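Q: structure of the sequence below:
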Amino acid sequence: MSLTGNLHSMDFPELLQWLARSQKTGTLLIANVRVQKQVFFRQGRIIAAASSERTEYLGHFLVSHGFLDEFTLAKAIEIQEGNRMLLGQILTTLGAIGQVELEQMLRLKAEESIYDIFTWTEADFQFVDDELPPFEMVPISIDVQTLVLRGAKRLDDWTRIRESIPSKLCVAVAIGKLVAAEGDPGAEKILQLVNDDRTVEEIGLETHSSEFHVCRVLWEQIRLSHLKVVRPRSVGPPPAPVTNGEAIDAAALIEAANNLLSERRLVAALRHIRAACDLDPDSSELKSLATEVETNIRQTLADSEITPTAVPHPSGHLDDLAKLEISAEAGFILSRIDGKYDIGTILKISPIKPLETQVVLWKLLADGHIYLS
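A: The predicted structure is shown next:
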C-alpha cells in the first residue's frame, strides 16, 4: 500500500508519528521544488536518509564536519566509480574515518537531513511499503518521537538565528576572538574563513556546509558578542527570469532557454531551465523538454573541451582574479583551479551540481579567466 499527500493535508511531524505508530517498513519520498529526500523506515524506526542536496551527500557532509579534506574525498569517489562500494566502506578502508565515527556521522547526517524538512512549508510525499534500498546500509536506528521533539526545537532555533542572520548574503564580521567548541573541527574551519568580506553562502561553499550549519556556528559567536553580521540591502529571492520585461510560464521559460542556448548564454539558459522545473515540477512533458535542453548544453560544453580530463589554469594572477565580481559558485570553482586538478576532480569535490559546475567553468573560459590544457 502506498500513502500519498502533501504537507497541507498532513504536516511532517504527524506523518512521521503515524509511520512510527504503524510500525511501517518502507521508504518515505518527500520533495519540494528544490530538493528530493528519502527517509527509510524499518518497523517504525528510521534507519537511513538520502537527499538530492549535494551538501547532504556523505562525502561532503564529512568534509563540512572536518573529517575529510577534498583530496581524500576525490580519491574515495574515484575508487567508488571503479568498484561501486559504499563510500563509507571505502573511507574506513582508506583509514580516513573509523567505523564508530562513521556510524555516528551517518546518524547525524540522517537527523540533519530530516530536521531540514521541518522548515518546509510546501512538499509532496509518498510512502511506499516494504521498499528499501537494494544494498546493505550501515545500521542505525532513530526513535521517531525523539526526533520530532528535536525537530521542533530545530525550527525554533532556526527562527531565532534568522533574526540575526536573515540571508545567506550576509557578511560575517569578527568583533572579538572567534573560538570554536573543543573537538569541533568543522566549526573551527568555518570560523577561520570569517574575514569581514565572505558571505554566509561563500563560507558554506568553501566548507561544503549547509546554510543552517554555517549560520548555527556563526550564531553562537553572535551570542557571545564575538561576531556581528552585515546584512545585505535586499533579502528577497532572486527575480524570476523574464522575457520582454514580463514574467513567463514554464513552457515559455524552456523556449527562452533554447534561445539563450543558441546565443551561447549557457548560465542564463540553465537558470531558465531550473526556474521552469520549479514552476511545474510534476510535468513529465516539461521534464522531457528540460532534459533535451540540458543535453544540448552538455554538447556545447563538450565542443568547448569542458571534459573530465581537461585541466583548467588561471589566465592571470590569482590575486587579480579574486577581485573579479563573480558569483559565489564561480569563486569556489576558481579557487580550485591551480593547473593540477582536472575538471573531473573538480566535479568530484564540488558541492555544486555537476552541470552547474561545468557551466561555470565554461563561462570562466569564455570570459578569458581560465584556459585549458
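
Q: quick one: contacts for residue 221?
A: By Cβ atoms under 8 Å, 6 or more residues apart in numbering, the contact set of residue 221 is 174, 176, 178, 191, 227. In short, each C-beta sits where N, CA and C put it, glycine included.

Q: next, it: secondary structure please.
A: Following DSSP: H, G, I helix; E, B strand; the rest coil, we place residue 221 in the helix state.

Q: what's the answer for residue 313, then?
A: Strictly by three-state DSSP, residue 313 counts as strand.

Q: so which strand or helix has residue 258?
A: Using DSSP states H and E, residue 258 maps to helix 250-262.

Q: what helices or strands is that helix leaning on?
A: Counting contacts by 3 or more Cβ pairs under 8 Å, 6 or more residues apart in numbering; DSSP states H and E, helix 250-262 is packed against helix 266-279, helix 284-303.

Q: now the first one, how far from the chain's geometric center?
A: Right, helix 266-279. Put simply, helix 266-279 sits 17 Å off its chain's centre (Cα atoms, centre = their mean, to the nearest Å).

Q: also the last one?
A: The chain centre lies 22 Å from the centre of helix 284-303; the measure is Cα atoms, centre = their mean.

Q: so which elements touch that helix?
A: Against helix 284-303 (3+ Cβ pairs under 8 Å, 6+ apart) you get helix 250-262, helix 266-279, helix 354-366.

Q: let's see it at 6 Å
A: Judged by 3 or more Cβ pairs under 6 Å, 6 or more residues apart in numbering; DSSP states H and E, the packing partners of helix 284-303 are helix 250-262, helix 266-279.

Q: quick one: mean pLDDT over it.
A: For helix 284-303, mean pLDDT is 91.

Q: likewise for the shortest one?
A: Regarding helix 266-279, the rounded mean pLDDT is 87.

Q: got the buried residues for the host helix or strand of residue 100?
A: Here residue 100, judged by DSSP H and E, is contained in helix 99-117. For helix 99-117, a neighbour-count test (16 or more other Cβ atoms under 10 Å) marks 102, 105-107, 109-117 as buried.

Q: next, give me the two most distant ones among those residues.
A: The most widely separated members of those are 102 and 117, with 23.5 Å between them, by Cβ to Cβ.

Q: about what we covered before: highest mean neighbour count out of the helices and strands packed on helix 250-262?
A: Of all those, helix 266-279 has the most neighbours on average by mean count of other Cβ atoms under 10 Å, namely a mean of 21.

Q: mind giving me the domain ranges of this protein?
A: Domains of the chain are assigned by automatic domain parsing as 2-143, 165-230, 242-292, 312-372.

Q: for these, give me CSV that also has distance to residue 155.
A: Listed next are these as CSV, based on distance: least, Cβ to Cβ, whole Å:
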stretch, distance to residue 155
domain 2-143, 5
domain 165-230, 11
domain 242-292, 23
domain 312-372, 24
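
Q: quick one on the thing from earlier: in TSV: the helices and strands packed on helix 250-262, plus distance to residue 56.
A: Shown next, in TSV, are the helices and strands packed on helix 250-262 (distance: least, Cβ to Cβ, whole Å):
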stretch	distance to residue 56
helix 266-279	19
helix 284-303	22
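
Q: let me know which of those helices is the nearest to residue 327.
A: Nearest of the helices and strands packed on helix 250-262 (Cβ to Cβ): helix 266-279, 8.7 Å.

Q: on the three-state scheme, residue 187 is what?
A: Once three-state DSSP is applied, residue 187 turns out helix.

Q: next up, the contacts around it.
A: Going by Cβ atoms under 6 Å, 6 or more residues apart in numbering, residue 187 touches 180, 217.

Q: ok, it to residue 166 distance?
A: Separation of residue 187 from residue 166 (Cβ to Cβ, to the nearest Å): 21 Å.

Q: hey, where'd the strands end up in the stretch 1-150 of the chain?
A: In the stretch 1-150 of the chain, the strands defined using DSSP state E, counting those that start in this stretch lie at 2-6, 26-31, 36-42, 45-51, 124-129.
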